[in-house]
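**Q** Quick one, fold the following:
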Amino acid sequence: MAGKPVVSLGYPKFDPLIYSLDTLVPFANLGQRDYWAPNRSRDGGRLSWFYRPIHVLLGWFFATIFVGAVTGLIRRD
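**A** Residues are numbered from 1 along each chain as shown. So this is what the prediction gives:
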């Protein structure tokens, strides 16, 4: 019998925007990436599975640029 998948109690509801922010912002833990991951057996899941590390690296890159700009290490001359 195929139906909606059952999620056990204790799991947060999946929110794609919050999941994306949770994987992008390095120092934030919004409670999505600990419980959810792309499903590689679905159509878009395989691409999402390979994109996720790139998304995390982009987050670290932008966080480094932000910290450098705020602290004055990066400035316009």
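
**Q** Correct me if wrong: residue 59 contacts residue 27.
**A** No - counting by C-beta atoms under 8 Å, residue 27 is not a contact partner of residue 59; they are 9.5 Å apart. Just so you know, the C-beta spots here come from the backbone N, C-alpha and C atoms, and that holds for glycine as well.

**Q** of the two, who's got more company?
**A** Here residue 59 and residue 27 are compared on neighbour count by other C-beta atoms under 10 Å; more neighbours surround residue 59, at 19 against 6.

**Q** Quick check: nearest residue in space to the more buried one, chain neighbours excluded?
**A** residue 24 (4.0 Å; C-beta to C-beta, 6 or more residues apart in numbering).

**Q** and that neighbour, how many neighbours does it have?
**A** Here the count is done by other C-beta under 10 Å, and residue 24 has 15 residues near it.

**Q** Helix, strand or coil: sort out residue 10 for me.
**A** When classified by DSSP: H, G, I helix; E, B strand; the rest coil, residue 10 comes out as coil.

**Q** wait, what's in contact with the residue nearest to the spatial centre of the chain?
**A** In the chain, the C-alpha nearest the mean C-alpha coordinate belongs to residue 23, at 2.0 Å (C-alpha atoms, centre = their mean). The contact partners of residue 23, by C-beta atoms under 8 Å, 6 or more residues apart in numbering, come to 32-33, 52, 55-56, 59.

**Q** All good on my end, thank you.
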